[in-house]
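**Q** got a predicted model here, sequence first, then my questions.
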Amino acid sequence: MGNIGKLLLALVTGLPLAASAQSGWRQIDGTPIAETEARQSRDGFSAALVLTPDQDWQEKWDTPPETIPHFSEADEVHAGGELFLLTFLSNPGLDKARSTDVTCDVTMTRPDGSTSLAQADIPCFRVTLPGNPENVYLTGLVMKYVAEPADPRGTWTVEVVVTDHHRGVSLPLGASFLVR
């Protein structure tokens with residue numbers, strides 16, 4: 001299983017996952033999960049980037065807490081195929097009203113090094129949080145990539161910087177996929 005698959009397993013088996021300053025991402029049994037380019041933690045804040053071909057990812061995520069969703073992993077896509085980029089976080093900083101202030105910067109780069117997409121300061125998780133901040137939350141940064149016939153073949157990269165403004169922490173995440 002690749003790093004993305006391990007991350008998916010960690011996310012879906014660890015609901016809710018604890019993310020503290022000393023521990024980062026953990027399995028539901030408390031076992032620490034190693035950081036990767038797509039999964040980072042610092043100062044109690046954790047974020048993860050997931051690429052999945054599952055067109056039903058939303059239905060899988062929108063389940064009761066006792067139901068553990070399972071996502072397929074993806075690191076390649078063929079012409080006409082789709083990948084969904086999902087960004088998760090845990091333990092965002094809260095103000096006195098329990099509001100979060102998390103933004104995302106996203107950059108997608110083509111195989112030739114040119115930029116396909118670059119957006120900064122996307123308000124990806126600005127909510128009043130009624131539940132435990134240490135649960136895993138899906139942010140508002142969800143993207144769908146469709147491999148168009150004219151898209152360059154080769155390795156595409158995705159970089160997402162998740163910034164928790166209350167904590168003053170930015171986590172750079174990265175993933176790549178091969179367009180065939």
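**A** Everything's here; your move.
**Q** for the chain, what spans make up the helices?
**A** Residue ranges of the helices in the chain, as given by DSSP state H, are 3-13, 57-61.
**Q** low pLDDT regions in this structure?
**A** Per-residue confidence for the chain (pLDDT under 70) gives these ranges: 1-23.
**Q** quick one, strands of the chain?
**A** Read by DSSP state E, the chain holds these strands, from start to end of the chain: 39-42, 45-52, 76-77, 82-90, 102-109, 115-125, 136-146, 154-164, 169-179.
**Q** elements contacting the fifth one?
**A** Packing partners of strand 102-109 (3 or more Cβ pairs under 8 Å, 6 or more residues apart in numbering; DSSP states H and E): strand 115-125, strand 136-146, strand 154-164. All C-beta atoms are positioned from the backbone trio N, CA, C, and that covers glycine.
**Q** mind listing what's buried along that strand?
**A** Taking 16 or more other Cβ atoms under 10 Å as the neighbour-count basis, strand 102-109 is seen to contain the buried residues 102-109.
**Q** out of the helices and strands packed on strand 102-109, nearest to residue 68?
**A** The stretch from the helices and strands packed on strand 102-109 with the least distance to residue 68 (Cβ to Cβ) is strand 136-146; that distance is 11.2 Å.
**Q** closest to residue 29 out of the helices and strands packed on strand 102-109?
**A** Comparing the helices and strands packed on strand 102-109 against residue 29 with Cβ to Cβ, the closest turns out to be strand 136-146 (15.3 Å).
**Q** run me through the strand neighbours of that closest one, direction for each.
**A** Based on DSSP bridges, the pairing partners of strand 136-146 within the sheet are strand 82-90 (antiparallel).
**Q** what comes up buried for the partner strand?
**A** Burial within strand 82-90, assessed by neighbour count using 16+ other Cβ under 10 Å, is assigned to 83-90.
**Q** please name the residues that touch residue 176.
**A** For residue 176, the contacting residues are 75, 155-158, taking Cβ atoms under 8 Å, 6 or more residues apart in numbering as the criterion.
**Q** now restrict those to buried residues only.
**A** Applying 16+ other Cβ under 10 Å to the contacts of residue 176, the neighbour count classes 75, 156-158 as buried.
**Q** got JSON lines for these, with distance to residue 24 too?
**A** As requested, the buried ones among the contacts of residue 176 are exported to JSON lines (distance: Cβ to Cβ, whole Å):
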{"residue": "75", "distance to residue 24": "23"}
{"residue": "156", "distance to residue 24": "27"}
{"residue": "157", "distance to residue 24": "23"}
{"residue": "158", "distance to residue 24": "21"}
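**Q** what's the closest of those residues to residue 139?
**A** When the buried ones among the contacts of residue 176 are compared against residue 139 (criterion: Cβ to Cβ), the nearest one is residue 158, at 14.1 Å.
**Q** show me the contacts for the nearest residue to residue 43 once chain neighbours are set aside.
**A** Counting by Cβ to Cβ, 6 or more residues apart in numbering, residue 43 lies nearest to residue 169, which is 5.0 Å off, once chain neighbours are set aside. Under the criterion of Cβ under 8 Å, 6+ apart, the neighbours of residue 169 are 42-43, 45, 163.
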